[in-house]
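Engineer: Build me a model from this:
(one chain, ligands or ions: 1)
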Amino acid sequence: MKIMGVKELWQVDDKTLAILWTDKVEQHYDVVELRRKCPCAACVDERTGKRTLAPENVADTVRPKLLKSVGRYALTIQFSDGHETGIYTFDYLRNL
Ligand SMILES: [Zn+2]
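Structural biologist: Purely as a prediction, here's the structure:
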């Protein structure tokens with residue numbers, strides 16, 4: 001599968017991120033939802049693929065503090081609750 005590239009990434013408001021993909025598709029993300037869908041090993045059981053993070057354990061007030069790109073295939077988000085271990089691949093984001 002071809003990995004989609006990110007053309008632009010910006011913050012629409014304090015709880016919404018937007019990505020413009022290289023094929024001109026624009027997607028908006030609720031950052032609280034992104035936090036609840038964190039794909040890291042602390043939030044998902046790597047063996048079973050089952051989510052161990054309960055949605056209610058993520059406050060509705062959580063916000064992104066810092067976004068960092070990982071190579072050309074993913075980004076990490078440092079959230080205001082201190083969580084920052086999730087690597088959100090573009091493939092994952094594209095299919096949310
Ligand atoms: Zn996580």
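
Engineer: just for the chain, where's the confidence low?
Structural biologist: Along the chain, segments meeting pLDDT under 70 span 1-3.

Engineer: which bits of it sit near the ion?
Structural biologist: Within the chain, the positions adjacent to the ion are 38, 40, 42, 43, 86 by C-beta under 5 Å from the ion. Using the backbone N, CA and C atoms, a C-beta is placed for each residue, glycine as well.

Engineer: gap between the closest residue to the third one other than its chain neighbours and residue 22?
Structural biologist: The spatially closest residue to residue 42, leaving aside those adjacent along the chain, is residue 85, at 6.0 Å (C-beta to C-beta, 6 or more residues apart in numbering). When C-beta to C-beta, to the nearest Å is the yardstick, residue 85 and residue 22 sit 27 Å from each other.

Engineer: ok, now residue 58?
Structural biologist: 30 Å.

Engineer: same question, residue 88
Structural biologist: In terms of C-beta to C-beta, residue 88 sits 17 Å off from residue 22.

Engineer: likewise residue 15?
Structural biologist: Where residue 22 is concerned, residue 15 sits at a distance of 25 Å (C-beta to C-beta).

Engineer: Compare the two (neighbour count), which wins?
Structural biologist: Per other C-beta atoms under 10 Å, whichever of residue 15 and residue 22 has more neighbours is residue 15, with 17 against 12.

Engineer: Contact partners for that one?
Structural biologist: 30, 31, 32, 63 (C-beta atoms under 8 Å, 6 or more residues apart in numbering).
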